[in-house]
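> I would like to see how this sequence folds:
(2 chains)
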Amino acid sequence: MTSLVGRTEAELAQWLQAGFGAVLGEEVAGKLAVRVTPATDPAFGDFQCNDAMALAKVAKKPPRAIAEAVCRAQPLPPSLAKVEVAGPGFINLTLQPAWLARQVVEQGARPRCGIPQAGGGKTVVLDYSSPNVAKPMHIGHIRSTIIGNTLDRLYRALGYRVIADNHLGDWGTQFGIIIKGFRAFVDQQKLAESPVEELERIYVKSYEQTKSDPAWLDGCRQELVKLQQGDPENLALWKQFVELSREEFNRIYQRLDVAFDRYHGESYYNDKLAGVVRQLEEAGLAKESEGATVVFLEEEGLPVCIVRKKDGGFNYATSDLATVQSRVAEFQPDRIVYVTDERQQDHFKQFFAISRKLGITTRLDHVWFGLMRLPEGTFSTRQGNVIKLDKMLDEAEARALAIIREQSPEMPEAAQRELAQAVGIGAVKYADLSHDLRTMIVFSWDRALAMDGNSGPYLQYAHARICSLLDKYAAQFPGEDIAAGELLLNDPAERQVALQILQFPVAVARAAEIYKPSVLAEYLYALSQAYSSFYQRLSVLKAESMAQRRSRARLCDLVAGVLREGLGLLAIRAPRRI
RNA sequence: GCGCCUGUAGCUCAAUUGGAUAGAGCAUCAGACUACGGAUCUGAGGGUUGCAGGUUCAACUCCUGCCAGGCGCGCCA
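Numbers count the residues shown, from 1 in each chain, chains lettered A, B, ... in the order given. Okay, the predicted model is just below:
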């Protein structure tokens, strides 16, 4: 997919492929889809191809000679100014400046800065965030929400039909514990003031008691069974818990600019669980073992998977199976993607394996990320060492507000506060999204809320400076349409910015394809760096000629467009003033 | 014990999935036209990529074995 996205890369690759065909014969050259990538160093040119080395093995000829022959086999295409061979057989390509300029301008004119419509309307179901009801969202929950939401935006932008489904943990053993605890411990006043906090207190207290009091534990199990059998009182309590939690979740989602297409929690599939187990038994997949019903997965090298507990209750594997069947039937998706932390890898392997056995052919992907933890260890509601998500967002906004008050004292208070939201939340999101998913994050306030260097605010700052510059341009040169003249790329700094702009569609497609928002985050940072260097080195408003002023203003405008679009995909706002 | 993951500059992380001299940020040091916004930019120092082998034109990347850490391993999700 990626190789087709960069139009420039695709065009150059096609030319080279023909060259390899002419030199080595179509049969040999056809063994490899020639790839063109951006040059690793501007000194080498704009793009490079390393495939002469790879094909040298097949062709049994020296790579350097092949590369040289390929370069001479055909006349240069209009896109190229220069082709050179270096080292063992690197083919270095340098573009015609005018041609590069035209690509950049054309890309800028396309919708969404040239993001390819690779999805073709295919459906992707995205399962992310999925917090547990009756527990507050803490900073351990933010990764699934932010990463999932970025994947959501990426796939939508690429032309997929995305179903963002928040698979709430609204049905499970914890409700036995909470209902039993609620009856015994609830403080109605606290419940009214801060519902989820009170539910959490009840949960922790009741859970504690299960450890020392077997009768209590048994009572919790019974409450759960009653709930699962439709007991009206327990059902009413449960509904109350869910509604209170939903309200709190929605408040946080609003702060984060996250929205779902649906909230089908585990409870939604409750009446299908028995059927799933029956189906597994009929297919000879599930067996009785130690009083429970289980699926053995020895052939897959996986541990045994319990689908019905000995008390008759079902657990998450069964629920996930019912869910996937329902989603496949309803949406016929091209794929279903689950975003969770790393601890669930085995579960998803088991669940995917059983799904296959049940005849589900839909592509199922588990996108997992490293745990967020404190220096002292992992978070746990039970241990009470959590940092609430709300509190972190408050702190982020407070820090941003302090900087804004210092930098822009003339700005009205209300505007400062609104800006602080955009900047503070942007900083939090970027801090997370710019890292590889798999790395474990040890939480630190200063790291999560960094506002200089490689950070969200850096990108916002770059964007705001461009907006301000373009305003000045419009005021100083009324009637001088930036889109009128030619885009001039004579200086290396201008050239680097242009080349970066061209990489935007590639970065977007790649980030989505390999489920790595960090690819896009890093791209945006590289673009901003290239822009900042250009900005510092060359004057726009005081350039020598009107043509040059116009051209540079236009380049700025193109960068701003990409930044806006890219930040939007990361769900980070791009204010005109910061 | 078995499985998954991680180990890169003092710290936090990259490295286009096997390519050229391993790059950024923070921190440190030295600079930037009386500045198109200094939340910025330019430069310097800082590395045996955990260790030891192997594969090849080329290894942070792939294979093997160790060492260290994180997570998981039948009725929690």
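> C-alpha only now, for contacts and for neighbours.
Fine.
> right, and the helix or strand after the host helix or strand of A:A98?
Under the criterion of DSSP states H and E, A:A98 resides in helix A:97-109. Counting by DSSP H and E, the next helix or strand C-terminal to helix A:97-109 is strand A:123-127.
> give me the contact list for that next one.
Counting contacts by C-alpha atoms under 8 Å, 6 or more residues apart in numbering, the residues outside strand A:123-127 that touch it are A:148, A:152, A:155, A:160-167, A:327, A:331-339.
> circling back to that earlier point, state the mean pLDDT of the helix holding A:A98.
Mean pLDDT, helix A:97-109: 95.
> buried ones in it?
A:P97, A:A98, A:L100, A:A101, A:Q103, A:V104, A:V105, A:Q107, A:G108 (16 or more other C-alpha atoms under 10 Å).
> the third one contacts A:A498, correct?
What that stands for is A:L100. Yes. Between A:L100 and A:A498 there is a contact at 7.5 Å, judged by C-alpha atoms under 8 Å.
> keep the contacts of strand A:123-127, but drop any that are not near RNA strand B.
Applying C-alpha under 7 Å from any atom of the strand to the contacts of strand A:123-127, one finds that nothing falls near RNA strand B.
> inside helices: which ones of those residues?
A:G148, A:D152, A:Y155, A:R327, A:F331 (DSSP state H).
> Produce a PyMOL select command limited to the buried residues of those residues.
In PyMOL, a selection of the buried entries from the ones in helices among the contacts of strand A:123-127 looks like this (16+ other C-alpha under 10 Å):
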select buried, chain A and resi 148+152+155+327
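> what's the closest of the ones in helices among the contacts of strand A:123-127 to RNA strand B?
Top of the list for closeness to RNA strand B, among the ones in helices among the contacts of strand A:123-127 and by C-alpha to the nearest atom of the strand, is A:G148 at 15.9 Å.
> now do the same contact list for that closest one.
A:L126, A:D127, A:Y128, A:S129, A:V339.
> in these, find the pair that's most separated.
Within the contacts of A:G148, A:L126 and A:S129 form the most distant pair, 9.8 Å apart (C-alpha to C-alpha).
> and for those two, which residues touch both?
With C-alpha under 8 Å, 6+ apart as the test, A:L126 and A:S129 both reach A:G148, A:V339.
> ok, back up a step: other residues contacting the helix holding A:A98?
Counting by C-alpha under 8 Å, 6+ apart, A:8, A:78-79, A:113-114, A:487-490, A:495, A:498-499, A:501-502, A:558, A:561 sit against helix A:97-109.
> repeat that for 6 Å
A:S79, A:C113, A:G114, A:L487 (C-alpha atoms under 6 Å, 6 or more residues apart in numbering).
> can you list those in TSV and add neighbour count?
Compiled in TSV, the contacts of helix A:97-109 are given as follows (neighbours: other C-alpha atoms under 10 Å):
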residue	neighbour count
A:S79	18
A:C113	24
A:G114	23
A:L487	25
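> go through those and name the one nearest A:P412.
A:C113 (33.3 Å).
> tell me how far that closest one lies from A:L95.
As judged by C-alpha to C-alpha, to the nearest Å, A:C113 and A:L95 stand 21 Å apart.
> kindly report the same for A:A29.
Between A:A29 and A:L95 the distance is 24 Å, computed by C-alpha to C-alpha.
> same check, this time on A:E397
Distance from A:E397 to A:L95, by C-alpha to C-alpha: 45 Å.
> then A:R417?
With the distance defined as C-alpha to C-alpha, A:R417 ends up 46 Å from A:L95.
> quick one: name the residues of the stretch 351-500 of chain A near RNA strand B.
So far as C-alpha under 7 Å from any atom of the strand goes, the stretch 351-500 of chain A lies against RNA strand B at A:371, A:377-378, A:400, A:403-404, A:407-408, A:423, A:434-442, A:447, A:451-454, A:457-458, A:461, A:464-465, A:468-469, A:472.
> what about those residues, which are in helices?
A:400, A:403-404, A:407, A:423, A:447, A:457-458, A:461, A:464-465, A:468-469, A:472.
> neighbour-wise, which one of the residues you listed leads?
Per-residue neighbour counts (other C-alpha atoms under 10 Å) across those peak at A:V423, which has 30 neighbours.
> any chance you could map the helices in the stretch 251-400 of chain A?
Secondary structure of the stretch 251-400 of chain A, counting by DSSP state H, counting those that start in this stretch: helices at A:273-282, A:316-331, A:345-357, A:389-407.
> in a markdown table, list the ones you listed along with distance to A:Q48.
Shown next, in a markdown table, are the helices of the stretch 251-400 of chain A (distance: least, C-alpha to C-alpha, whole Å):
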| stretch | distance to A:Q48 |
| --- | --- |
| helix A:273-282 | 53 |
| helix A:316-331 | 42 |
| helix A:345-357 | 38 |
| helix A:389-407 | 42 |
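> A:D41 is nearest to which of those helices?
Of these, nearest to A:D41 by C-alpha to C-alpha is helix A:389-407, at 36.2 Å.
> pLDDT score for A:R382?
For A:R382, pLDDT reads 65.
> same deal with the one 4 residues further on?
The score at A:V386 is 78. That number is its pLDDT.
> look up how far A:E281 lies from A:E397.
For A:E397, the distance to A:E281 - C-alpha to C-alpha - is 54 Å.
> those two - which one has more neighbours?
Taking other C-alpha under 10 Å, A:E397 and A:E281 do not tie; A:E397 has more neighbours (24 against 16).
> give me the nearest residue to the more buried one, chain neighbours excluded.
Excluding the flanking residues, the one nearest A:E397 by C-alpha to C-alpha, 6 or more residues apart in numbering is A:G424, at 4.5 Å.
> OK, contacts around the residue in chain A sticking out farthest from the centre?
Relative to the centre of chain A, the most outlying C-alpha is that of A:A215, 45.4 Å out, by C-alpha atoms, centre = their mean. By C-alpha under 6 Å, 6+ apart, A:A215 lies in contact with nothing.
> same thing but 10 Å
The contact partners of A:A215, taken as C-alpha atoms under 10 Å, 6 or more residues apart in numbering, are A:Q209, A:R221.
> hey, where'd the strands end up in the stretch 1-150 of chain A?
In the stretch 1-150 of chain A, the strands defined using DSSP state E, counting those that start in this stretch lie at A:37-38, A:47-49, A:80-86, A:90-95, A:123-127.
> also the stretch 201-350 of chain A?
A:286-289, A:292-295, A:305-308, A:335-341.
> residues in contact with the first one?
Right, strand A:286-289. For strand A:286-289, contacts defined as C-alpha under 10 Å, 6+ apart pick out A:277-281, A:292-296, A:305-310, A:354.
> can you flag the buried ones in the residues you listed?
A:277, A:280-281, A:292-296, A:305-308, A:354.
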